[in-house]
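Visitor: Turn this into a model:
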Amino acid sequence: MQKNHLHVGVSEVDVVASLGLKPVYQTALGAAFLGDSQKLLEQIPAETVHLVFTSPPYALHFKKEYGNAHKRDYVRWFIPFAKQIFRILRSDGSFVLNIGGSYNESIPTRSLYHFHLLIALVEEVGFHLAQECFWYNPAKMPMPAEWVTVRRIRIKDSVEHVWWLSKTPWPKASNLNVLKQYSPDMLRLSRRGVRPTVRPSGHVIRNSFDKIAAGGAIPSNVIEDGLPAERDVPIPETMLKFGNNAANDAYAKRSKELGLKMHPARFPAALPEFFIRLLTDEGDIIIDPFAGSNTTGLVAESLRRRWIAMERVPEYLEASRVRFDQPDSSDPPTDGQAQRELF
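Guide: Okay, here's the model as predicted:
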């Protein structure tokens, strides 16, 4: 594979070597490390990473085995990680953070902890909020049961925030990489044509409005099962919509066969895939500092991006190895293994 598309100031070997550790496992394009990700991030050279995509433990009432800070402490807990992420990102790099909301303790009102975090990331760390996106998970359980299924005074919460942050107002991105199929209405409009007009809202409709030369429709910021148009998969129009019924995917089946401990809070492969396609090119470096089952690494590998996974729970990292040992039709599709050894 040609290297003329790589844009890092140090070699890919140097980025991994800078951690000073032997990875738990590695592939042609990535490496997975066990340890405290804050300390590991401190070892990464500045301005070498194109994308940090992660979903840290949320601030929930009940302590999870994978570790989660209380809402009152969450911002102070996360800011040291954020400062390191800001430091290691290239000037045109992006930080995509998936974070869920929660209820306040003992009452049916919502916490604002994740909004406080967003404000701190912008005002204290220095990130720009490039765009807020929303992951709609129709398979999400109706929680908390006390308010939703027992007293029935609240409705099901099916959306999580996905914040796209950047060091500059102009991060590298191209929505041409995540175009959706045109809707039947848009195809009919293109065939029929439109007359230039001004809507009551003031929006100007020009005669170019019905043109479909770009090859697909621009997706909305409510993340759907965001596969590119060339895969010929019909996609709903309104939501980033990713179901998350992963109980029988290749990772789960193989982990059960081997008696390995699976990470209990996994996101679907389509979520990192959407942003990896939107924000990076082949050969770019992607880091997930809360890797868990290492879905991000698997998707990055399939899309020929270089990746580093960091996880502090050894059982989760060891189980994530099976994603790369046993390719399966339920895993993200690949278009061939990169023909180079990086690590």
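
Visitor: When you work out contacts or count neighbours from here on, use the C-alpha atoms and nothing else.
Guide: Noted.

Visitor: how long is stretch 15-33 end to end?
Guide: For stretch 15-33, the first-to-last residue distance is 13 Å (Cα to Cα, to the nearest Å).

Visitor: Correction: the previous question concerned stretch 25-35.
Guide: Terminal-residue distance, stretch 25-35 (Cα to Cα): 13 Å.

Visitor: buried ones in that stretch?
Guide: Tyr25, Gln26, Thr27, Ala28, Leu29, Gly30, Ala31, Ala32, Phe33, Leu34 (16 or more other Cα atoms under 10 Å).

Visitor: Include secondary structure and distance to Phe274 when you put those residues into CSV, please.
Guide: Below are those laid out as CSV (DSSP: H, G, I helix; E, B strand; the rest coil; distance: Cα to Cα, whole Å):
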residue, secondary structure, distance to Phe274
Tyr25, strand, 25
Gln26, strand, 24
Thr27, coil, 22
Ala28, coil, 22
Leu29, coil, 19
Gly30, strand, 19
Ala31, strand, 21
Ala32, strand, 22
Phe33, strand, 24
Leu34, strand, 26
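
Visitor: Take the residues you listed and write them to TSV, including distance to Glu273.
Guide: Shown next, in TSV, are the buried residues of stretch 25-35 (distance: Cα to Cα, whole Å):
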residue	distance to Glu273
Tyr25	22
Gln26	20
Thr27	18
Ala28	19
Leu29	16
Gly30	16
Ala31	18
Ala32	18
Phe33	21
Leu34	23
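
Visitor: what's the farthest-apart pair in those residues?
Guide: By the measure Cα to Cα, Ala28 and Leu34 form the most distant pair in those, at 18.5 Å.

Visitor: From the buried residues of stretch 25-35, which shows the smallest pLDDT?
Guide: The pLDDT minimum for the buried residues of stretch 25-35 sits at Ala28, where the score is 91.

Visitor: where does that one sit relative to Tyr103, distance-wise?
Guide: 43 Å.

Visitor: Kindly report the same for Arg72.
Guide: Applying Cα to Cα to Arg72 and Tyr103 gives a distance of 13 Å.

Visitor: can you check Phe33 too?
Guide: 33 Å.

Visitor: now do Gly297
Guide: 31 Å.

Visitor: Likewise for Phe95?
Guide: For Phe95 relative to Tyr103 (Cα to Cα), the value is 26 Å.

Visitor: More neighbours: which of those two?
Guide: A direct count of neighbours by other Cα atoms under 10 Å for Phe95 and Tyr103 places Phe95 higher, at 29 against 18.

Visitor: which of the residues in the particular helix or strand that has Cys133 in it are buried?
Guide: According to DSSP states H and E, Cys133 maps onto strand 128-136. Buried residues in strand 128-136, counted by 16+ other Cα under 10 Å: His128, Leu129, Ala130, Cys133, Phe134, Trp135, Tyr136.

Visitor: The second one touches Val122, doesn't it?
Guide: So that's Leu129. Yes: if you go by Cα atoms under 8 Å, Leu129 and Val122 touch, sitting 7.0 Å apart.

Visitor: can you list contacts of stretch 306-313?
Guide: For stretch 306-313, contacts defined as Cα atoms under 8 Å, 6 or more residues apart in numbering pick out 16, 29-37, 40, 66, 283-292, 294, 296-297, 300-301, 317.

Visitor: And these, which of them are buried?
Guide: Looks like these have 16, 29-34, 37, 40, 283-292, 294, 296-297, 300-301, 317 buried, using 16+ other Cα under 10 Å.

Visitor: Pop the domain breakdown of the chain in here.
Guide: 12-180+219-325, 182-215 (automatic domain parsing).

Visitor: Lowest mean pLDDT across those, which one is that?
Guide: domain 182-215 (a mean of 53).

Visitor: Correct me if wrong: Arg90 contacts Val52.
Guide: No: with contact defined as Cα under 8 Å, Arg90 does not reach Val52; the gap is 10.5 Å.

Visitor: Counting neighbours, what do you get for Ala46?
Guide: 19.

Visitor: Give the full set of residues in contact with it.
Guide: Ala46 touches Arg87, Ile88, Leu89, Arg90, counting by Cα under 8 Å, 6+ apart.

Visitor: quick check, nearest of those residues to Ser166?
Guide: Of all those, Leu89 has the smallest distance to Ser166: 8.6 Å, by Cα to Cα.

Visitor: Now stretch 161-171: buried residues?
Guide: By neighbour count on 16+ other Cα under 10 Å, the buried set for stretch 161-171 is His161, Val162, Trp163, Trp164, Leu165, Ser166, Lys167, Thr168, Pro171.
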